[in-house]
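[1] Build me a model from this:
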Amino acid sequence: LELTEMSVLLMDNVMCNELPVLFLLFYGFIFSQIKLFVYMHITTSIIWKHRDNAGTVVKVIEWDLEDGSTDIPNAKFKSHATLDKNTGNLNLKYLQLKHSGTYTVEINSKEQRKQFTLTVMEPVCKPHIVKKCVLEDVSGCLLICVGEASSESTVIWKYWDGEKLHEQYPNMRTITVTNSGNPDSHYTCTLKNAVSVETSDPVYLKYLFHGKTAYLGYFINENRGEALTISLCVCTAQSLSLSLCVCLCVSDVRVGLCASIKAAH
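    Reported below is the predicted structural model:
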């Protein structure tokens with residue numbers, strides 16, 4: 001009777017009492033006899049290593065069965081690293097940016113195939129929106145999302161139009177908004193990275209454009225044959241106004257329209 005053999009290497013959690021197990025899968029004819037071999041290994045040493053982004057490799061923690069000692073030789077892992085001797089798992093607490101990098105483990109002086117990449121990030125802070133409304137441009141305002149965040153963070157603007165929430169302007173810190181006329185319309189900005197997310201308080205458009213109203217005023221030159229001048233003024237709560245002066249000039253059958261914008265104080 002001939003048996004065919006296929007070997008499958010399964011890398012699971014690092015075990016203290018055995019190395020990653022080599023599973024042997026046998027195929028044979030029906031009614032034939034088969035033996036399953038389980039290879040047990042005793043772990044005598046475990047060493048975890050860390051390679052930082054610059055390529056420097058240091059030992060994180062080291063355990064040896066002979067004397068039963070556990071050592072943390074590098075200062076940046078003291079008070080941060082512990083080893084579970086039953087599973088071989090490395091536990092890191094109180095993470096700092098310097099702990100980012102790639103971790104490998106040696107069992108019985110043999111480096112295992114698994115590698116663990118860790119990226120430590122600072123959580124983003126809650127942002128706030130700074131408003132810059134230029135008096136001479138009452139149709140729009142600048143909104144700036146202000147908040148500390150790393151380069152890996154993303155910026156998300158959300159706009160509520162009174163009925164639906166929209167995500168707009170991805171990764172833009174500054175946007176320009178216009179008055180929608182809906183009192184419930186508002187914007188928020190969100191800072192997000194892989195470990196945290198924070199959203200600003202909403203900014204309502206009705207408060208951005210509060211106090212800006214429009215009225216139509218006009219005057220007619222009493223002298224016949226002279227131009228008719230119509231002034232459209234937009235006044236603010238600060239008693240300043242923006243005037244749009246439209247001059248309608250009539251000459252025979254031709255009509256010309258000219259417009260100019262000026263700030264009125």
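
[2] just checking, K98 touches N74?
    No. The pair K98 / N74 is not scored as a contact, 10.4 Å apart, by Cβ atoms under 8 Å. C-beta coordinates here come from the backbone N, C-alpha and C atoms, glycine included.

[3] More neighbours: which of those two?
    N74 (15 against 12; other Cβ atoms under 10 Å).

[4] give the contact list for the more buried one.
    Shown in contact with N74 (Cβ atoms under 8 Å, 6 or more residues apart in numbering): 50, 58-60.

[5] Closest one to V146 out of the residues you listed, please.
    Closest approach to V146 among the contacts of N74 (Cβ to Cβ): H50, at 35.7 Å.

[6] beta partners for the closest one?
    In this entry, H50 is beta-bridged to V58, Y103, by DSSP bridges.

[7] Let me know how buried it is, in neighbour terms.
    H50 has 25 nearby residues by other Cβ under 10 Å.

[8] show me what contacts it?
    H50 makes contact with 57-60, 74, 77, 99, 101-103, according to Cβ under 8 Å, 6+ apart.

[9] quick one: which of those residues is most hemmed in?
    Result: V60 is most packed of the contacts of H50 (other Cβ under 10 Å), 22 neighbours.

[10] My read is that it contacts K76, right?
    No. Here V60 does not reach K76: they are 9.1 Å apart, not a contact under Cβ under 8 Å.

[11] Out of the contacts of N74, flag the one nearest to H186.
    H50 (46.4 Å).

[12] circling back: can I get the contacts of N74 in JSON lines including pLDDT?
    Shown next, in JSON lines, are the contacts of N74 (pLDDT from 0 to 100):
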{"residue": "H50", "pLDDT": "93"}
{"residue": "V58", "pLDDT": "96"}
{"residue": "K59", "pLDDT": "95"}
{"residue": "V60", "pLDDT": "94"}
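
[13] which one of these sits closest to K110?
    Out of the contacts of N74, the member with the shortest distance to K110 (by Cβ to Cβ) is K59, at 15.6 Å.

[14] Now do that closest one against W48, distance only.
    Distance of K59 to W48, given as Cβ to Cβ, to the nearest Å: 7 Å.

[15] ok, now T119?
    18 Å.

[16] which of these two has more neighbours?
    Shown here are T119 and W48; by other Cβ under 10 Å, W48 has more neighbours (23 against 13).
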